[in-house]
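> Coordinates for the following, if possible.
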Amino acid sequence: MSEPVIGNLMSGHIEVFVVCPADAIERSGAMSFSLSRIDDKGESRPFPIIVVRTFGNDYFGYVNRCPHENVWLNIGSGTFFSADRSFLRCGRHGARFEVDTGMCIDGPCDGQSLEPVALAVIEGDVCLCGVKLLEDDRFGDPFGDSDESMDVTIHPD
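Model (predicted):
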């Protein structure tokens, strides 16, 4: 499987990073990504996210962390959904979350929410908006024009 590449698509003052092609995630499906974001001190921190595509073709993004014990939602089972695929589900304790709001409706973190991440679909790509990611320019084209964009390699889980 090839590694997706994120490109910095600077749009005004909001940073926008391509995460994956929109059609890489099946309808009623989800995909996780292990990113690194830059904190307020300029240091790199892990930033695991999940991108969910609904059957109706909407995209929602959340930090891949259950608010109960801060474990990945797909821990153990490797899946993100309840058996009927109506809710996101924590693999450790079975907490269920609404897909479109991230609100926990059942489980040990009832009433809490997943941390949302801003997404936009731009020219057929799912993009993460407003987060400063660690950029990896090791694969830049040495013969290409120098511009404001770089490539960042990420590894889907």
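
> what is the mean pLDDT for the strand or helix carrying F33?
Following DSSP states H and E, the helix or strand that holds F33 is strand 29-38. Along strand 29-38, the predicted local confidence has a mean pLDDT of 94.

> Please identify the buried residues of it?
If you call a residue buried by 16 or more other Cβ atoms under 10 Å, then strand 29-38 has these buried ones: A30, M31, S32, F33, L35, S36, R37. Every C-beta, even on glycine, is put in place using the N, C-alpha and C of the backbone.

> again with stretch 99-114
V99, G102, C104, G107, C109, Q112, L114.

> average pLDDT for that stretch?
The predicted model gives stretch 99-114 an average pLDDT of 95.

> Now find how far off-centre it is within its chain.
Centroid displacement of stretch 99-114 relative to its chain, using Cα atoms, centre = their mean, to the nearest Å, is 18 Å.

> strand partners of the next helix or strand after the strand holding F33, parallel vs antiparallel please.
Using DSSP H and E, the helix or strand that directly follows strand 29-38 along the chain is strand 44-53. Strands adjacent to strand 44-53 in the sheet, as given by DSSP bridges, are strand 29-38 (antiparallel), strand 59-63 (antiparallel).

> confidence score at the most centrally placed residue in the chain?
When the chain is reduced to its mean C-alpha position, the closest residue under Cα atoms, centre = their mean turns out to be I49, at 3.2 Å. I49 is assigned a predicted lDDT (pLDDT) of 97.

> who's in contact with it?
V19, S32, F33, L35, G61, Y62, V63, N64, V117, L128 (Cβ atoms under 8 Å, 6 or more residues apart in numbering).

> possible to save those as TSV with distance to S86?
As requested, the contacts of I49 are exported to TSV (distance: Cβ to Cβ, whole Å):
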residue	distance to S86
V19	24
S32	19
F33	23
L35	27
G61	19
Y62	16
V63	21
N64	19
V117	22
L128	25
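
> just to revisit the earlier point, for R53, state which of the buried residues of strand 29-38 is nearest.
Distance to R53 across the buried residues of strand 29-38 (Cβ to Cβ) is lowest for A30, with 7.2 Å.

> what separates that closest one from G42, distance-wise?
Computed as Cβ to Cβ, to the nearest Å, the A30 to G42 distance reads 31 Å.

> tell me the domain boundaries of the chain?
Residue ranges for the structural domains of the chain, counted by automatic domain parsing, are given in the record as 5-65+115-156, 71-109.
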